[in-house]
Each structure stands twice: as structure tokens, then as C-alpha cells.
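Trainee: Sequence and predicted model, in that order:
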Amino acid sequence: VPGYGDSPPAEMVVTVQGRVAFLDHVLQELGMRRPVLVSPSMSGRFALPFLLARGDRLAGFVAIAPVGTKDYAAEQYRRVQTPTLILYGDRDASLGPQALQSLRHLPGHRVAVVPDAGHACYLDKPEDFHRALLGFLRQLK
């Protein structure tokens, strides 16, 4: 993701609209039609605005304690029709519950809490994480 880790910053992703356009471009370049977008932590800055603006282009959305959930109103979330899995570790005391509080307004959501896992629940308990993820993916159309 531009501007995170060792990647150089990019002017395009400074605005919300730019981040939506960037992610849209990546998905188009990869030739992906109706993918499931998986959004852990910092990727929420890209994935959440994309979900709200272009959620109809997604087959599903997996929110793994993403940042930025408080940036949007309940009414904005209520308009999204994308099936969503809200996933977090039960030891994630901040971002997991915060994401749930905001994302619970998505009409087509389910929740999976990974026991004995922290913020990076996919690293702490990969088998439990994958079980929840695969269960969600199997129920998508």
C-alpha cells in the first residue's frame, strides 16, 4: 500500500477519492471481477471508502479490525449491500470492538471472534482465522 511500510508515498492516495481510485485501478489491472476484499488493520483506509463507494463491485468484504471505521456514519454503512465478515481476535481490546461497533450497521454482516488472538488474529491463530474465513467464503454466491 503506497505510503506504508517501505513503500514510497504517492500523491494519488492522499485523499479518500484517490485511495478509492487507486484500489479500483489495482483490481482492474489484476482483471478481478467481483473479488472478495480482505482488509486487515491499516488497509481499512483504502478498503472502507472503496466498500462504501463501490461495494457493488465486490462479492464480499472481510474486515479484520480495520482502522478508520469511525470515519463513517451508521447511515453510510446501512446503504452497503455487500456480504461482510467482521473478524477480530478476542484479545484485540481496541480496534476489534471499535470496528464491530461501527460495522455492525452493515445489513449483510456476520461476526467471527478468534479466541485467544490479538489484533493480528490471522498470525496468532491461523487455523481458527482460516476456518472463519473459509466458512464465510463458502456461503457467498
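Mentor: Everything's here; your move.

Trainee: all helices of this protein, in order?
Mentor: Counting by DSSP state H, the chain has helices at residues 16-29, 44-54, 74-78, 95-103, 121-124, 126-138.

Trainee: State the mean pLDDT of the first one.
Mentor: Helix 16-29 shows a mean pLDDT of 93.

Trainee: Can you list the buried residues in that helix?
Mentor: For helix 16-29, burial by neighbour count (16 or more other C-beta atoms under 10 Å) applies to 16, 18, 19, 20, 21, 22, 23, 27. C-beta coordinates here come from the backbone N, C-alpha and C atoms, glycine included.

Trainee: quick one on the thing from earlier: just say which of the helices of the chain is most tucked in.
Mentor: Greatest average neighbour count among those goes to helix 44-54 (a mean of 22), per mean count of other C-beta atoms under 10 Å.

Trainee: Please work out which residues outside that one touch it.
Mentor: Here helix 44-54 makes contact (C-beta atoms under 8 Å, 6 or more residues apart in numbering) with 1, 13, 16-17, 19-20, 22-24, 37, 39, 58, 61, 63, 66-69, 71-72, 76-77, 79-80, 82, 84, 99.

Trainee: Next: stretch 91-103.
Mentor: Around stretch 91-103, the neighbours that count as contacts under C-beta under 8 Å, 6+ apart are 41, 44, 63, 65-67, 69-70, 72, 74, 77, 84, 86, 88-90, 109, 111, 113, 116-119, 121, 124.

Trainee: Mark which of the residues you listed are buried, thanks.
Mentor: 41, 44, 63, 65-67, 69, 72, 77, 84, 86, 88-89, 109, 113, 117-119, 121, 124.

Trainee: out of the residues you listed, which are inside strands?
Mentor: Using DSSP state E, the subset of the buried ones among the contacts of stretch 91-103 located in strands is 63, 84, 86, 88, 89, 109, 113.

Trainee: Take those and write them to a markdown table, including distance to residue 32.
Mentor: What follows is those, written out as a markdown table (distance: C-beta to C-beta, whole Å):
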| residue | distance to residue 32 |
| --- | --- |
| 63 | 18 |
| 84 | 18 |
| 86 | 22 |
| 88 | 25 |
| 89 | 28 |
| 109 | 22 |
| 113 | 29 |
